[in-house]
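A.B. asks: Output the structure for:
(one chain, ligands or ions: 1)
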Amino acid sequence: MSEPTKAPPAAAGRAATKKELPEHFKAYKHVWVFIEQERGQVHPVSWELMGAGRKLADKLKVDLAAVVIGPPGEAVQHAATESFCYGADLAYIVADDVLTDYRNEAYTKALTDVVNTYKPEILLLGATTLGRDLAGSVATTLLTGLTADCTELDVDADGSLAATRPTFGGSLLCTIYTLNYRPQMATVRPRVMPMPDRVEKPAIRIIEHKLGLVEEDIVTKVLSFIPDRDSAKSNLAYADVVVAGGLGLGSPENFQLVKGLAAVLGAEFGCSRPLVQKGWVTSDRQIGQTGKTIRPKLYIAAGISGAIQHRVGVEGADLIVAINTDKNAPIFDFAHVGIVTDAIRLLPALTEAFRARLSPHSRDRIAS
Ligand SMILES: Cc1cc2nc3c(=O)[nH]c(=O)nc-3n(C[C@H](O)[C@H](O)[C@H](O)COP(=O)(O)OP(=O)(O)OC[C@H]3O[C@@H](n4cnc5c(N)ncnc54)[C@H](O)[C@@H]3O)c2cc1C
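C.D. replies: Alright, predicted model coming up:
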């Protein structure tokens, strides 16, 4: 399949529908980013969205605000303060004991409450498990539109959010507008937007919003919290080195060669979608449009053709090395280094060569 057809420049495709913005829209101002934090850990996608949000706010000449929701205490205060280092002009905190653990009902109430009070024109959330759950119910409650899994965000000439995302199985990119409702909401998957530089900055303005919600009003109860201790769980999205295999490897046994090279390099391993569908590899290892988006410093793809749905998940990598027997494979159109050979023979040779040359210390250096 060829590269996805690019969406026309923002606003070009909707000239016929363009009209004066309704008067009550004028009350909606500023760009907001929902800062996803759980038990003191801020999800890095929140800072990636601050980078994207900063650009939108600068174009619109409005403020960029961070919204932090959680239980009262150090964690929410820290997340709010940290947001200024990633470009926030102000931060809203909704802190309440009912927000201790994520529950859709309580978080939806908290976010819709603060939106209805301060009226942002754009609201961005990470397309994480939590973010997807929250964004859908917040948009439904606010009776506004939500564009999910965006790959580009921009503002057009009249200040509308132009939210671009893949459609028709990734063969087309479409730009979606929320013309008749506010706020305009969008989610973006982790690693789709680059991480902005962190610049030390003191907190400028923090607004604490009181939530009038009591525990008895919430139907869902958290009985206990069991942390995920699965050490084999992948950290693909944020790995510096990734080795992945595709159908060209021919069997689950041969996929072990990918794992072997990844282990020697201190890398994460991943795969193309058919390997998940065949049950060779678990779904958390899938890279691409319906899997993880990655931005490693080094990506080694063995026996992967480079279909567009795979390509969109890897093109943020600094260096892509492709191993494929077919010199016309699409992956060679975007790989930086192409090796036309049998991956089943090359992978063990690479593993041995790196094993011989790399001490554990220098493996750490590859990833830094
Ligand atoms: C809606 C939708 C969403 C999708 N989402 C994703 C997604 O998130 N991620 C994803 O990966 N795919 C996704 N796909 C599937 C995608 O279209 C491709 O089918 C898939 O990426 C192909 O996987 P592959 O490259 O492993 O297999 P193939 O396309 O079969 O390619 C195998 C490659 O291996 C090469 N090869 C064969 N033998 C060897 C050897 N011994 N050594 C080296 N090379 C060899 C071949 O030349 C070939 O290029 C999606 C498809 C749809 C419709």
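
A.B. asks: Give me every residue in the stretch 101-250 of the chain lying close to the ligand.
C.D. replies: Within the stretch 101-250 of the chain, the positions near the ligand by Cβ under 6 Å from any ligand atom are G169, G246, L247, G248. From N, CA and C alone the C-beta is placed, and that goes for glycine too.

A.B. asks: Next, the buried residues of stretch 309-322.
C.D. replies: Q309, H310, R311, V312, G313, V314, G316, A317, I320, V321, A322 (16 or more other Cβ atoms under 10 Å).

A.B. asks: Does K327 belong to a helix, a strand or coil?
C.D. replies: Assigned with DSSP: H, G, I helix; E, B strand; the rest coil, K327 falls in the coil class.

A.B. asks: shouldn't it be in contact with V340?
C.D. replies: Yes. Using Cβ atoms under 8 Å, K327 is in contact with V340, at 4.7 Å.

A.B. asks: The two: which is more packed in?
C.D. replies: V340 (13 against 8; other Cβ atoms under 10 Å).

A.B. asks: Quick check: which ranges of the protein have low pLDDT?
C.D. replies: 1-21, 229-232, 359-368 (pLDDT under 70).

A.B. asks: Show me it divided up by domain.
C.D. replies: For the chain, automatic domain parsing gives the domain ranges 12-217, 236-358.

A.B. asks: how long is the shortest one from one end to the other?
C.D. replies: Using Cα to Cα, to the nearest Å, the end-to-end distance of domain 236-358 comes to 22 Å.

A.B. asks: ok, and what's touching the one helix or strand D58 maps to?
C.D. replies: In this structure, D58 sits in helix 44-60 according to DSSP states H and E. Contacts with helix 44-60, where a contact means Cβ atoms under 8 Å, 6 or more residues apart in numbering, come from 30-37, 63-64, 66, 83, 86-89, 121-122, 124-128, 131, 153-155, 159, 161, 188-196, 198, 238.

A.B. asks: what ranges do the helices span in this protein?
C.D. replies: 44-60, 74-85, 104-118, 129-142, 252-265, 273-277, 308-314, 343-357, 360-366 (DSSP state H).

A.B. asks: And for D318, nearest residue in space, chain neighbours not counted?
C.D. replies: Nearest non-adjacent residue to D318, counting by Cβ to Cβ, 6 or more residues apart in numbering: K297, 4.8 Å away.

A.B. asks: Counting neighbours, what do you get for A127?
C.D. replies: 20.

A.B. asks: For it, give me its contacts.
C.D. replies: Contacts of A127 by Cβ under 8 Å, 6+ apart are V45, A135, A148, D149, T187, V188, R189, P190.

A.B. asks: And for the fifth one, nearest residue in space, chain neighbours not counted?
C.D. replies: On the basis of Cβ to Cβ, 6+ apart, the spatially nearest residue to T187 that is not a chain neighbour turns out to be A127, at 4.0 Å.

A.B. asks: What distance do you get for that neighbour to the ligand?
C.D. replies: Applying Cβ to the nearest ligand atom, to the nearest Å, the value for A127 to the ligand is 14 Å.

A.B. asks: Phi and psi next, for that residue.
C.D. replies: When read as degrees, to the nearest 10, the backbone of A127 gives phi -90, psi 60.

A.B. asks: That one and D63: what is the separation?
C.D. replies: Using Cβ to Cβ, to the nearest Å, A127 is found at 24 Å from D63.

A.B. asks: Test my guess that Q37 contacts G70.
C.D. replies: Yes. Assessed by Cβ under 8 Å, Q37 is found in contact with G70 at 5.9 Å.
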